[in-house]
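J.: A structural model of the following input is requested.
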Amino acid sequence: MAQVLEFKLPDLGEGLTEAEVVRWLVEVGDVVTVDQPVVEVETAKAMVEVPCPYGGVVTARFGEEGAELPVGAPLLTVAVGEGSDGAGSGGAGSGAVGSGGAVSAGAVSGGAPEEPAERALQTAAERAAAEQDAEESSGNVLVGYGTAAAPARRRRVRTVRVSAPPASPPAAPAPAAPPAPAAPAAAAPAPAAAAPAAHAAAPASASDGPVPVISPLVRKLARENDVDLRSLVGSGPDGLILRADVDAAVEARTRAVKAAVRDDDELIRAGRHEARQSVEAGEEPRKAGLYSRHPLTGLRGLVADKMSRSRREIPEATCWVDADATELLAARRSMNDAMTDRDGHKVSLLALLARISVAALARFPALNSTVDMEEREVRQFADIHLGFAAQTPRGLVVPVVRHSQSRSTDSINAELIRLTESARAGTLTPGELTGGTFTLNNYGVFGVDGSTPIINHPEAAMLGVGRIVPKPWVHQGELAVRHVVQLSLTFDHRVCDGGTAGGFLRYVADCVEQPAVLLRSV
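T.: This is a model prediction of the structure:
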């Protein structure tokens, strides 16, 4: 029996809530395999090919090219299983796609005898379980991570209430027969069917008991968008709050903000008109009016949200030190002079600073961590996924060099070049923009000496590097002109104290001043 599964636009990471359909890669009737790219979409940060987690025949597509779809909106439906060649997936009798995305094709037949109440209860529970499984595997797919089974989660078991089918007409009585026992394999995925209907949970109120939310994704989405779940009325079974309810609350707030902006624009125009009249009359304007207002949307809005959250949640502190980078520049020059055309790209200064940062994190691993206040614990990472700030025409992004602790300087250099080119072209994938554990910010390229950067939430620290300029410097007891750089470290004071942060920064400065120090950790 074929099933028609609905594949929804997955969460593309970094808080992105919508994407534009650029190009469909499949047509209705095409046969697709698991993880085959089916559509190309563009987000505020990158162009992404979205893979389908199901294998079968495409039965429908949703959204024309150029259409903007929110995360969680249907992308396409796929007929999988026996009969997925399309023979059994059409017609009104093949059932309807539910909110979870699964439907049993051919489950409704006009001439079939009605099921007993027990069988109807089991069937409904199986469908509910299939809908939940489909939502787990489609709604939460993150591009670049494949379609591995979702981790087991503890959930509240909810009993599906199904009323018994209408009794047969009196003219055709049938002898009562005990219902056939359900097969163990069929009952396994539907634990809710085994619970008596009398134990069904009553709808939870906003003021009594826990908030009726079963999905961690819904809680995370509400947290990131500052939505109070207790103020929502769930549209799911027994008042369950679904992702659609949170999205609707965010959309309603966005509409209210846009309406307020329109009202303010009217006031701005009135103020400008008043100021113009005052100037024409030879009077000084009483007050300066606003020139324009721009909603924080797209990448600018995402950056604003993330920076605000970092400052709101992280008690940060900053320390800095000046370092003589003359020897580091000389070492880089020697490395590049010894390279041939077959050796690839020249080693950049950023690659050397990245390699120094990795060595420093190996000595001070407390800074390669994150804080979980809900669990009240500091989580220290075994791998170093080094992010670096990159300015692009779209705005500021932070690509991630994964497993930096296992890479050589040449490998880090090549990955930095590749990610920078992808960032400027807008083709970074969500997997290349998320998961960083420490960030390197080379703001010296903008011609500034120092800064107190904002930590890239939820990381615990960020190393800032200013410009390298010739300055008077005491070198070996003599005053000389040396190339000096200012280094700054902003760190989360919850993960460490000033001694650890100062030790990290001092080690980085020592490696900059004497690159041979780095050889001990290579």
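J.: Follow the chain on from the host helix or strand of Ile356 and name the next helix or strand.
T.: Of the helices and strands defined by DSSP states H and E, Ile356 is found in helix 349-363. Going down the chain from helix 349-363, the next helix or strand is strand 369-372, by DSSP H and E.
J.: Which elements pack onto that following strand?
T.: Applying 3 or more C-beta pairs under 8 Å, 6 or more residues apart in numbering; DSSP states H and E, one finds that strand 369-372 contacts strand 377-380. Placement of C-beta: from N, CA and C, glycine included.
J.: contact partners of the strand it packs on?
T.: Pro365, Ala366, Asn368, Ser369, Thr370, Val371, Asp372, Arg494, Val495 (C-beta atoms under 8 Å, 6 or more residues apart in numbering).
J.: switch to 6 Å and redo it
T.: Pro365, Ser369, Thr370, Val371, Val495 (C-beta atoms under 6 Å, 6 or more residues apart in numbering).
J.: Next one: the first one from Gln405, what distance?
T.: When C-beta to C-beta, to the nearest Å is applied, the distance between Pro365 and Gln405 equals 10 Å.
J.: next one: the second one
T.: Distance of Ser369 to Gln405, given as C-beta to C-beta: 14 Å.
J.: Of the two, which one has the most company?
T.: Under the criterion of other C-beta atoms under 10 Å, the comparison of Ser369 against Gln405 puts Ser369 first, with 22 against 14.
J.: burial count for Asp449?
T.: Quick note: Asp449 (other C-beta under 10 Å) scores 17 neighbours.
J.: Okay, it and Gln486: tell me how far apart.
T.: In terms of C-beta to C-beta, Asp449 sits 5 Å off from Gln486.
J.: Overlap of the contact sets of those two?
T.: Gly466.
J.: could you point out the longest strand in the chain?
T.: For the chain, the longest strand by residue count, based on DSSP state E, is strand 478-492.
J.: export that strand as CSV, just CAs?
T.: Provided in CSV are the C-alpha atoms of strand 478-492 (Å, rounded to 0.1, in the frame of the first residue of the first chain):
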residue,chain,number,x,y,z
GLU,A,478,66.5,49.8,22.0
LEU,A,479,63.8,52.1,20.6
ALA,A,480,62.9,50.9,17.1
VAL,A,481,60.0,51.0,14.6
ARG,A,482,58.1,47.8,14.7
HIS,A,483,54.9,46.5,13.3
VAL,A,484,52.4,46.5,16.2
VAL,A,485,48.9,44.9,16.4
GLN,A,486,46.3,45.2,19.2
LEU,A,487,44.6,42.0,20.2
SER,A,488,41.4,41.8,22.2
LEU,A,489,39.5,38.9,23.8
THR,A,490,35.9,39.2,24.7
PHE,A,491,34.8,36.3,26.9
ASP,A,492,31.8,35.0,28.8
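J.: what angle separates it from helix 349-363?
T.: Orientation check (axes from the mean of the first three to the mean of the last three C-alpha atoms, to 10 degrees): strand 478-492 against helix 349-363 gives 60 degrees.
J.: Next, the buried residues of strand 478-492.
T.: Buried residues in strand 478-492, defined by neighbour count with 16 or more other C-beta atoms under 10 Å: Arg482, His483, Val484, Val485, Gln486, Leu487, Ser488, Leu489, Thr490, Phe491, Asp492.
J.: Repeat that for stretch 298-316.
T.: Buried residues in stretch 298-316, counted by 16+ other C-beta under 10 Å: Leu299, Leu302, Val303, Asp305, Lys306, Arg309, Ser310, Ile314, Glu316.
J.: List the contacts of the third one.
T.: For Val303, the contacting residues are Leu396, taking C-beta under 6 Å, 6+ apart as the criterion.
J.: Which secondary structure state does it sit in?
T.: Assigned state for Val303: helix (three-state reduction, DSSP: H, G, I helix; E, B strand; the rest coil).
J.: quick one: it and Gly395, what's the gap?
T.: 6 Å.
J.: do the second one as well
T.: As for Leu302, its distance to Gly395 is 8 Å (criterion: C-beta to C-beta).
J.: what's the answer for the last one, then?
T.: Glu316 is 22 Å from Gly395, where distance means C-beta to C-beta.
J.: Val58 now?
T.: 35 Å.
J.: The two: which has the busier surroundings?
T.: More crowded of Val58 and Gly395, by other C-beta under 10 Å: Val58, with 22 against 15.
J.: so what's that one up against?
T.: Taking C-beta under 6 Å, 6+ apart, one finds Val26, Val28, Asp30, Leu76, Val78 in contact with Val58.
J.: related to what we said a few turns ago, what's the most distant pair in the buried residues of strand 478-492?
T.: Arg482 and Asp492 (32.8 Å; C-beta to C-beta).
J.: Pro515: what's its closest spatial neighbour, skipping adjacent residues?
T.: Ala331 (4.4 Å; C-beta to C-beta, 6 or more residues apart in numbering).
J.: State the distance from that neighbour to Ala414.
T.: Ala331 sits 19 Å away from Ala414, going by C-beta to C-beta.
J.: Also Val34?
T.: 31 Å.
J.: so Thr318 sits right up against Thr452, yeah?
T.: Yes - between Thr318 and Thr452 there is a contact at 4.5 Å, judged by C-beta atoms under 6 Å.
J.: Among those two, which residue is more densely surrounded?
T.: Neighbour totals were compared for Thr318 and Thr452, and Thr318 leads with 17 against 14 (other C-beta under 10 Å).
J.: Which secondary structure state does the more buried one sit in?
T.: Following three-state DSSP, the label given to Thr318 is strand.
J.: In contact with it: list those residues for me.
T.: Thr452, Ser488, Thr490.
J.: In this structure, mark out all the helices, start to finish.
T.: 117-138, 184-187, 216-224, 243-280, 298-313, 326-337, 349-363, 409-425, 430-433, 498-513 (DSSP state H).
J.: List the buried residues for the longest one?
T.: Residues of helix 243-280 classed as buried: Arg243, Ala244, Asp245, Val246, Asp247, Ala249, Val250, Ile268, Gly271, Ala275 (neighbour count, 16+ other C-beta under 10 Å).
J.: of the contacts of Thr318, closest to Gly236?
T.: Thr490 (42.2 Å).
J.: measure the closest one to Glu6 for me?
T.: Here Thr490 is placed at a distance of 45 Å from Glu6 (C-beta to C-beta).
J.: what domains does the record give for this protein?
T.: Domain assignment of the chain by automatic domain parsing yields the ranges 1-144, 208-295, 316-521.
J.: okay, and for the stretch 51-200 of the chain, where does confidence drop off?
T.: 82-200 (pLDDT under 70).
J.: likewise the chain?
T.: For the chain, the ranges with pLDDT under 70 are 1, 13-15, 45, 82-215, 264, 275, 277-280, 282-290, 520-522.
J.: Looking at the helices of the chain, which is nearest to Ser292?
T.: Evaluated over the helices of the chain, closeness to Ser292 peaks at helix 243-280, with 7.5 Å, by C-beta to C-beta.
J.: who are the neighbours of the closest one, in terms of helices and strands?
T.: When contacts are defined as 3 or more C-beta pairs under 6 Å, 6 or more residues apart in numbering; DSSP states H and E, helix 243-280 sits against helix 216-224.
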